[in-house]
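Peer 1: after the sequence you'll find the predicted model.
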Amino acid sequence: MTVAPSIAVVVLATMAAQIASAMGIAIFPVMAPHLAQMLDVDASYVGYQISILFGAAMLVSSVVGTVVLRWGACRAMQWSLWLCAAGMIAGLSGQLWLMPLAAICIGASNSLAAAGAAHLLFRFGSARHRNLIFSIKQTGVPLGWALIALLAPWLTIALDWRVPLLAVLAYSVAGALLLERWRGVWDDDRDVHAAGRTNLLTGIAVLWRYPTLRYLGISAFFFSFVQLCLGTFTVNLLVQEAGYGIVTAGVMLSVVQIAGMTGRLTFGWVADRSNQAIRVLSVSSLIAAAGCVTSVFISGAWPEPALAVFYLVFGIVAYGWNGVMHAQVARLSPPGMVSVATGGVMVWVFGGILAGPALFAVAYRWIGTYTTTFGLLAVVALVSAALAAAAARSERAA
């Protein structure tokens with residue numbers, strides 16, 4: 001007889017699936033120089049790889065809710081891990097024409113992992129600690145990136161470029177097989193007729209039908225916009241304009257990522273304790289806007305400790321929103337539609353990921369400096385703060 005797992009097991013399992021997807025994404029930019037040399041292309045091609053990956057994630061997000069309802073959340077996470085493994089196999093082929101396929105597999109993996117996790121955490125987690133539980137799971141994203149950033153270059157130099165991909169492949173396969181242990185209990189609420197009641201636009205339609213969810217969904221676009229721009233252009237700002245070395249710039253980017261993990265846990269805890277989760281999101285965006293404005297004044301005259309403190313705070317507020325956002329979408333979703341609503345909000349999240357860095361780059365070419373462009377990014381942060389505030393007002397009025 002299968003025994004229902006504790007919430008700790010559910011959190012660890014969902015976090016593990018999130019780590020796999022994050023490692024699958026991170027391995028391409030982290031290993032770009034080695035892969036480019038092996039494939040005989042310029043390292044900048046990784047930009048196309050990442051665009052294909054998140055484009056696929058955005059498209060797949062529209063159907064993941066149906067997958068979870070029809071086949072179960074645990075099965076969705078298993079498929080997420082199998083797709084991550086398939087992406088690594090495509091990468092191991094060493095064939096340029098298979099790299100887009102690897103990106104598509106990893107993008108789909110990311111969407112399935114998010115929807116399956118949201119369903120399970122909402123079902124088995126307590127309402128009292130929901131924001132923190134979702135935030136713990138979301139730390140798997142920066143953790144996966146950090147693991148690949150630390151281990152992949154070392155394994156490549158010490159052994160071979162294929163070893164990091166093999167490590168992610170083995171991790172994914174092991175995770176998919178292990179999840180089968182709990183599938184009977186976790187997926188006992190699956191509905192074989194769900195596919196007949198949903199379609200490609202159901203997730204987006206659910207968000208649009210409810211004003212509070214609508215505001216949160218649109219705000220997620222702007223939250224992810226700011227987050228991705230901070231992660232993408234920090235090194236360029238520090239090296240090309242502020243005059244810092246590449247090592248110092250890399251350390252500051254690491255500070256941002258570590259701060260992101262800290263921010264997700266902190267915001268989850270604060271949201272649970274204050275019972276004002278949506279207001280926490282709004283305040284975090286206001287502080288992020290202040291961080292964008294402060295970036296205008298960054299120069300080589302800043303002492304490195306002061307710069308580190310700044311990026312610690314900026315990273316906390318720019319990255320800390322994700323877990324609370326997922327928890328609130330789950331809380332406000334119609335009964336039985338957590339995975340569908342999560343898929344809908346992920347469309348907005350991946351939209352921001354796709355559009356943010358590209359629009360920032362266009363603005364930079366027009367403005368001419370990274371510092372001023374970051375100042376302009378404050379407008380985006382203020383929009384997300386205003387939308388979160390509108391969501392809070394909408395909930396109070398309901």
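Peer 2: Structure's in. What do you need? Numbering: from 1, shown residues only.
Peer 1: for residue 290, what are its contacts?
Peer 2: Applying CB atoms under 8 Å, 6 or more residues apart in numbering, one finds that residue 290 lies in contact with residue 378. Where C-beta positions appear, they are placed from N, C-alpha and C, glycine not excepted.
Peer 1: now name the helix or strand holding it.
Peer 2: Per DSSP states H and E: residue 290 is located in helix 277-295.
Peer 1: and that helix, how far out from the chain's middle?
Peer 2: Per CA atoms, centre = their mean, to the nearest Å, the displacement of helix 277-295 from the mean C-alpha position of its chain is 18 Å.
Peer 1: in the very next helix or strand once past it, which residues are buried?
Peer 2: Downstream of helix 277-295, the first helix or strand assigned by DSSP H and E is helix 304-319. Within helix 304-319, the residues that qualify as buried are 307-308, 310-319, counting by 16 or more other CB atoms under 10 Å.
Peer 1: who's in contact with helix 304-319?
Peer 2: With contact meaning CB under 8 Å, 6+ apart, helix 304-319 is reached by 142, 226-227, 230, 234, 238, 244, 248, 251-252, 255-264, 266, 284-285, 287-288, 291, 294-295, 298, 302.
Peer 1: pLDDT on it, on average?
Peer 2: When pLDDT is averaged along helix 304-319, the result is 93.
Peer 1: next SSE downstream of it?
Peer 2: helix 322-332.
Peer 1: could you give the angle of that following helix to helix 277-295?
Peer 2: Calculated by axes from the mean of the first three to the mean of the last three CA atoms, to 10 degrees, helix 322-332 forms an angle of 150 degrees with helix 277-295.
Peer 1: what about stretch 317-328, start to end distance?
Peer 2: Length of stretch 317-328, first residue to last, CA to CA, to the nearest Å: 17 Å.
Peer 1: distance of residue 213 from residue 106?
Peer 2: Per CB to CB, to the nearest Å, residue 213 is found 27 Å from residue 106.
Peer 1: which one of those two has more residues nearby?
Peer 2: Neighbour count, other CB atoms under 10 Å: between residue 213 and residue 106, residue 106 has more, with 34 against 23.
Peer 1: quick one, what contacts the more buried one?
Peer 2: Residue 106 neighbours (CB under 8 Å, 6+ apart): 21, 24-25, 53, 56, 83-84, 87.
Peer 1: where does it land on pLDDT?
Peer 2: In this model, residue 106 carries a pLDDT of 94.
Peer 1: got the angle between the host helix or strand of it and helix 322-332?
Peer 2: Secondary structure assigned from DSSP H and E places residue 106 in helix 99-124. Going by the same axes, to 10 degrees, helix 99-124 is angled at 60 degrees with respect to helix 322-332.
Peer 1: got a list of contacts for the very next helix or strand once past helix 99-124?
Peer 2: Once the chain leaves helix 99-124, the next helix or strand it forms, by DSSP H and E, is helix 130-138. Helix 130-138 has contacts (CB under 8 Å, 6+ apart) with 7, 11, 14-15, 18, 117-118, 121-122, 125-126, 264-265, 267-269, 271-272, 277, 320, 322-324, 326-328, 330-331.
Peer 1: just the CA atoms of stretch 156-166, as PDB, please.
Peer 2: Provided in PDB are the C-alpha atoms of stretch 156-166 (Å, rounded to 0.1, in the frame of the first residue of the first chain):
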ATOM      1  CA  THR A 156      34.500  20.200 -19.100                       C
ATOM      2  CA  ILE A 157      38.200  21.100 -18.500                       C
ATOM      3  CA  ALA A 158      39.000  18.200 -16.200                       C
ATOM      4  CA  LEU A 159      37.200  15.500 -18.300                       C
ATOM      5  CA  ASP A 160      35.200  16.300 -21.400                       C
ATOM      6  CA  TRP A 161      32.400  18.700 -22.600                       C
ATOM      7  CA  ARG A 162      30.000  15.800 -22.700                       C
ATOM      8  CA  VAL A 163      30.300  15.000 -19.000                       C
ATOM      9  CA  PRO A 164      28.100  17.900 -17.700                       C
ATOM     10  CA  LEU A 165      25.400  17.000 -20.200                       C
ATOM     11  CA  LEU A 166      25.600  13.400 -19.000                       C
END
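Peer 1: list the buried residues of that stretch.
Peer 2: Quick answer for stretch 156-166 (16+ other CB under 10 Å): 156, 161-162, 164-166.
Peer 1: can you flag the buried ones in the contacts of helix 130-138?
Peer 2: Buried, going by 16+ other CB under 10 Å: 11, 14-15, 18, 117-118, 121-122, 125, 264-265, 267-268, 271-272, 277, 320, 322-324, 326-328, 330-331, out of the contacts of helix 130-138.
Peer 1: could you report the pLDDT at the nearest residue to residue 31 once chain neighbours are set aside?
Peer 2: Nearest residue to residue 31, sequence neighbours excluded (CB to CB, 6 or more residues apart in numbering): residue 152, at 5.5 Å. If you check residue 152, the pLDDT there is 81.
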